[in-house]
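Peer 1: below are the sequence and a predicted model; questions follow.
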2 protein chains.
Amino acid sequence: MKKENISDAVIRRLPRYYRQLTELCGRGVVRISSHSLGQEMNITASQIRQDFSCFGEFGQQGYGYNVEELRTEIGHILGVDKDHHLIMIGVGNLGRALLQNFRFSQTGFTVDAAFDVAPSVIGTVVNGVSIYSMDTLEEYIRSHNIDVVVLTIPQAVAQETASRLIQLGIHGFWNFTNVELSSPNPDVKFENIHFADSLLTLSYRIANR
Amino acid sequence: MKKENISDAVIRRLPRYYRQLTELCGRGVVRISSHSLGQEMNITASQIRQDFSCFGEFGQQGYGYNVEELRTEIGHILGVDKDHHLIMIGVGNLGRALLQNFRFSQTGFTVDAAFDVAPSVIGTVVNGVSIYSMDTLEEYIRSHNIDVVVLTIPQAVAQETASRLIQLGIHGFWNFTNVELSSPNPDVKFENIHFADSLLTLSYRIANR
DNA sequence: TAGATTGTTAATCGATTAACAATC
DNA sequence: TAGATTGTTAATCGATTAACAATC
């Protein structure tokens, strides 16, 4: 029975299921029960069935789940088959590393362009992505269909830049700045990669193990 | 009343409190009530008081919390004042970007060394950090006191490398590979930065807003 | 003293786990 | 048919919120 509102806890498990199923596919596993999937992932079979049941019925009694089929379904739920378009703001060391290393296409994203303020990088191309001046941002966004903006800029200009982009109709932010961004519009979504927060939780846990 | 086992939900909020309190300090705010802190952070005052009460009594009735004092306390709980030592394994684009950009000292960490297999980088120095051959890893770890290892290596060698390090007594991993690492020893802690997982949750949320 | 705000206990809400009828 | 395993309902567990006596 499909649910209306899916909890954040469930959504955050979906990519892990997707990853595990991709690996199972690679190993040539054809079918799997919630019980064995749970054993591999250290999750109860109950939780797995509950999670999936939020989105539909993907299994078969007495058989389990077809791995490839389930992978496709979850990929579809996550939107990996959607060809989302993305631009990057800020091409410093981190931005550059992402452009060079991260397989955006693997998650259904295409990097259309990148923007920076530094004259030394404007006009250059990194891994096939052209870097434009921030002065041309407004025009670019108006004439292209952009789903997500990656923010790899200094803290100091983070909220200001985000607000400017929200004005232009962007409602997806992949935020690498260590700042909590916000918008009055609840349809604007922020996904944060807070390096410092992450490392601090590790610091706590190794001290209190 | 101090609690024995602190839930993960609480631990993950601590760095955010720490960040907010740092900002308040910077703004020159001297005292704050759970109510106003909650308003700034979009959290209920109840939750804030519950969270803090896991670790002790940091406030004063009728007054609230002294911002600087509370910041110090939470910093202490997280271990920012502990001088943890860390090494990095894998100095590709991402590793290099972290070495150059991320303020490790801000979270109480010192980067002692980095390791790689590529002859072209072995022997070089990035932002003050020397890069050594992976062949010297065992010896290095035996003769130094290392708390955390940053894994910025290819997926394919992730678990294998982690196991090797666990053997050597490492029990803190900051894992940037898109792989679920594990150890039979529950005292070994993994903190993951799963870029792809993160972007996929954003993909889901912009599609279902 | 009166007002404000804490720390904590109790109530509520939501998420996880267990149980089981349905069925492949 | 018998065994396995689903999807779903019910039970449990844990986390969040509300309430309030204590007290600065």
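Peer 2: Looks like it arrived, so ask away.
Peer 1: on the three-state scheme, the residue in chain A that DNA strand C sits nearest to is what?
Peer 2: The nearest approach of chain A to DNA strand C comes at A:G62, 2.4 Å away (C-beta to the nearest atom of the strand). For glycine as for every other residue, the C-beta is placed from the backbone atoms N, C-alpha and C. Classification of A:G62 by DSSP: H, G, I helix; E, B strand; the rest coil places it in coil.
Peer 1: okay, now it: neighbour count?
Peer 2: 6 (other C-beta atoms under 10 Å in any protein chain shown).
Peer 1: now the strands for chain A?
Peer 2: Along chain A, counting by DSSP state E, strands occupy A:31-32, A:65-66, A:84-89, A:109-116, A:125-126, A:129-133, A:148-151, A:172-175, A:189-192.
Peer 1: quick one, the third one and strand A:129-133 angle?
Peer 2: The reference is to strand A:84-89. Strand A:84-89 runs at 50 degrees relative to strand A:129-133, counting by axes from the mean of the first three to the mean of the last three C-alpha atoms, to 10 degrees.
Peer 1: so which elements touch strand A:84-89?
Peer 2: helix A:93-101, strand A:109-116, helix A:137-143, strand A:148-151 (3 or more C-beta pairs under 8 Å, 6 or more residues apart in numbering or on different chains; DSSP states H and E).
Peer 1: re the thing from before, against chain B, how distant is the residue of chain A closest to DNA strand C?
Peer 2: 29 Å (C-beta to the nearest C-beta, to the nearest Å).
Peer 1: pLDDT wise, what is the residue with the largest distance to the centre of chain A at?
Peer 2: Relative to the centre of chain A, the most outlying C-alpha is that of A:G62, 34.4 Å out, by C-alpha atoms, centre = their mean. On pLDDT, A:G62 comes in at 97.
Peer 1: for it, phi and psi?
Peer 2: Main-chain torsions, A:G62, degrees, to the nearest 10: phi 80, psi -10.
Peer 1: so which of the helices and strands packed on strand A:84-89 gets nearest A:V126?
Peer 2: Minimum separation from A:V126 across those (C-beta to C-beta) falls at helix A:93-101, 4.7 Å.
Peer 1: and that closest one, average pLDDT?
Peer 2: Averaged over helix A:93-101, pLDDT sits at 97.
Peer 1: got it, and stretch A:194-205?
Peer 2: For stretch A:194-205, mean pLDDT rounds to 98.
Peer 1: which residues touch it?
Peer 2: Contacts with stretch A:194-205, where a contact means C-beta atoms under 8 Å, 6 or more residues apart in numbering or on different chains, come from A:176, A:178, B:11-12, B:14-16, B:18-19, B:77-80, B:82, B:84, B:98, B:102-104, B:106-109, B:148, B:172-174, B:189, B:191, B:193.
Peer 1: close to DNA strand D, is that stretch?
Peer 2: No: contact between stretch A:194-205 and DNA strand D, assessed by C-beta under 7 Å from any atom of the strand, is absent, since the two come no nearer than 14.4 Å.
Peer 1: residues in contact with A:F176?
Peer 2: A:F176 makes contacts with A:L94, A:V150, A:L151, A:T152, A:I193, A:F195, as judged by C-beta under 8 Å, 6+ apart.
Peer 1: identify all contacting residues around the helix ranked longest in chain A.
Peer 2: The single longest helix within chain A, with elements called by DSSP state H, is helix A:8-26. Helix A:8-26 has contacts (C-beta under 8 Å, 6+ apart) with A:32, A:37, A:40-41, A:43, A:48, A:51, A:54, A:67-68, A:70-71, A:74-75, A:77-78, A:80, B:178, B:180, B:194, B:196-197, B:200-201, B:204-205.
Peer 1: most tightly packed of the helices and strands packed on strand A:84-89?
Peer 2: For the helices and strands packed on strand A:84-89, the largest average neighbour count (mean count of other C-beta atoms under 10 Å in any protein chain shown) is found in strand A:148-151, namely a mean of 24.
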